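Participant: No sequence on hand, only this structure:
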DNA sequence: CATAATACATACTTTAGGGTAAGTACTTGT
DNA sequence: ACAAGTACTTACCCTAAAGTATGTATTATG
């Protein structure tokens, strides 16, 4: 899963930022290109892997599972696989993932205010 | 300011995500390693360049001005330079930058809940 | 005369993340 | 016999962002 070099300055700084800054902690979790979009699609209910794929046509399969795996490892989404063939796998938000929704809302609200020029005085 | 290649898939996808996803829009603005930390330090009042530098020892000068310039270009911080020698430059949050504070708060709140294990059920 | 302090700038290198393309295992339908 | 659908995996490439190192202009101060 994309090996990282143990002793780069960039990793040390990430550590620094993760400890010093809760915002960086959050961004570590939802900072991938597709993660917010995935979370958004899961916010309306659980989805199969292939449903997500169809819902986000621009994402490649590699990116999709990679991010899903990371979200799962971070405890934001829960994967459930039925042992059938063809496979039947669903993803849904965990409690932690659901807890992120207010953050997402705050971000969206700011973004729309920006686009509406609310802050131009 | 770090020239970007016009026609890479990564840029196309960024465009897609920026239009489709307000969260990605926000992350474009505050997604650098040091941007949240800079914003945090400015949230308590305006600061000189050298004050920021001392407040965030781990950041290099290149990263610091690079992010400050981007934040300024995005309208989140305001730069004020007094025409004296040695230079006297202060940075402070704009209205838009101040508008981000609730987002920051929501993120921080979630991060602390995560660390306190609130979501472990 | 040389050093310090301020607020940057700029050339070059490294790395994490994103993207491409192709393959896997298993079953059902034609 | 072969394609199609499911949910992935793996090897390789490319780029944007981060980091390193050094240089700039101006004035005050020892």
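Facilitator: Alright, I've got the coordinates. Everything numeric in this text was worked out from a predicted model, so none of it was measured.
Participant: shaky segments in chain A?
Facilitator: Counting by pLDDT under 70, the low-confidence segments of chain A come to A:1-7, A:121.
Participant: which residues does the spatially most central residue of chain A contact?
Facilitator: Most central in chain A under C-alpha atoms, centre = their mean is residue A:35, positioned 2.9 Å from the mean C-alpha point. Counting by C-beta atoms under 8 Å, 6 or more residues apart in numbering or on different chains, residue A:35 makes contact with A:29, A:67, A:70, A:71. Just so you know, the C-beta spots here come from the backbone N, C-alpha and C atoms, and that holds for glycine as well.
Participant: Also near chain B: which of these, exactly?
Facilitator: Counting by C-beta under 8 Å from any C-beta of the partner chain, nothing from those sits close to chain B.
Participant: Pick out whichever of the residues you listed sits closest to DNA strand C.
Facilitator: Sorting the contacts of residue A:35 by distance to DNA strand C puts residue A:67 at the head of the list, at 6.8 Å, by C-beta to the nearest atom of the strand.
Participant: Helix, strand, or coil at that closest one?
Facilitator: Assigned with DSSP: H, G, I helix; E, B strand; the rest coil, residue A:67 falls in the helix class.
Participant: How far off centre is stretch A:90-97?
Facilitator: Between the centre of stretch A:90-97 and the centre of its chain there are 11 Å (C-alpha atoms, centre = their mean, to the nearest Å).
Participant: what's the span of it, first residue to last?
Facilitator: End-to-end distance for stretch A:90-97: 15 Å, by C-alpha to C-alpha, to the nearest Å.
Participant: List of residues touching it?
Facilitator: A:39, A:42-43, A:45-49, A:52, A:68, A:71-72, A:74-80, B:114, B:119, B:121.
Participant: of these, buried ones?
Facilitator: A:39, A:42, A:47, A:49, A:52, A:68, A:71-72, A:74, A:76-78, B:114, B:119 (16 or more other C-beta atoms under 10 Å in any protein chain shown).
Participant: all strands for chain A, in order.
Facilitator: A:47-48, A:77-82, A:88-93 (DSSP state E).
Participant: who in chain A is up against DNA strand D?
Facilitator: A:9-10, A:13, A:48-50, A:53, A:61-62, A:65, A:68-69, A:79, A:81, A:85-89 (C-beta under 7 Å from any atom of the strand).
Participant: DNA strand C next: which of the residues you listed are close?
Facilitator: Within the residues of chain A next to DNA strand D, those near DNA strand C by C-beta under 7 Å from any atom of the strand are A:10, A:61, A:62, A:85, A:86.
Participant: Look up how far residue A:28 lies from residue A:99.
Facilitator: In this structure, residue A:99 and residue A:28 are 16 Å apart, going by C-beta to C-beta, to the nearest Å.
Participant: I meant to write residue A:65 there.
Facilitator: To residue A:28, residue A:65 is 19 Å away according to C-beta to C-beta.
Participant: ok, now residue A:17?
Facilitator: In terms of C-beta to C-beta, residue A:17 sits 9 Å off from residue A:28.
Participant: If anything else comes up later, I'll come back, but that's it for now.
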